[in-house]
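Engineer: could you look at this predicted model? Sequence included:
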Amino acid sequence: QVQLVESGGGVVQAGDSLRLSCTASGRTFSTSAMGWFRQAPGQERDFVAATDYNGGTTYYADSVKGRFTISRDNAKNTVYLQMDSLKPEDTAVYYCALARNPYLYDTTDIRSKMDYWGKGTLVTVSS
């Protein structure tokens, strides 16, 4: 059974930075694509960023491109989301997800490509 544990959420002001971490156990992390998603109150869970198994290819939602960076450390079974220039509209619960496949190929139906999910970490950005 795969377990994903997110950390690093909190309350920050607009313009601040925050780094989220997600540590995986129970499966070979280094052969799995990983993603970050977020869900604001009353809204659907949206794609934020993702990376193939080795970090060689990354994907971003247009809303975070240029501000967020996804990276991974396969030696630590951890994927990160560096969030800079945060905006109030970034407020959401952020979820980490793992795909059994090493490659995502594109962001089409990317949520359905994920097989395991963490429980989320709350990020609140005040104006």
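Structural biologist: Noted; the coordinates are in hand. Numbering: from 1, shown residues only.
Engineer: need the contact list for the residue nearest to Gln1 when sequence neighbours are not counted.
Structural biologist: Spatially, and ignoring its direct neighbours in sequence, Gln1 is nearest to Gly26 (5.2 Å; CB to CB, 6 or more residues apart in numbering). Backbone N, C-alpha and C define where each C-beta goes, glycine included. By CB atoms under 8 Å, 6 or more residues apart in numbering, the contact set of Gly26 is 1-3.
Engineer: I figured Tyr60 hits Ala49, correct?
Structural biologist: Yes: here Tyr60 reaches Ala49: they are 5.0 Å apart, a contact under CB atoms under 8 Å.
Engineer: these two - which one has more neighbours?
Structural biologist: Ala49 (25 against 19; other CB atoms under 10 Å).
Engineer: show me what contacts that one?
Structural biologist: Ala49 is in contact with 35-36, 58-61, 64, 68-70, 81, counting by CB under 8 Å, 6+ apart.
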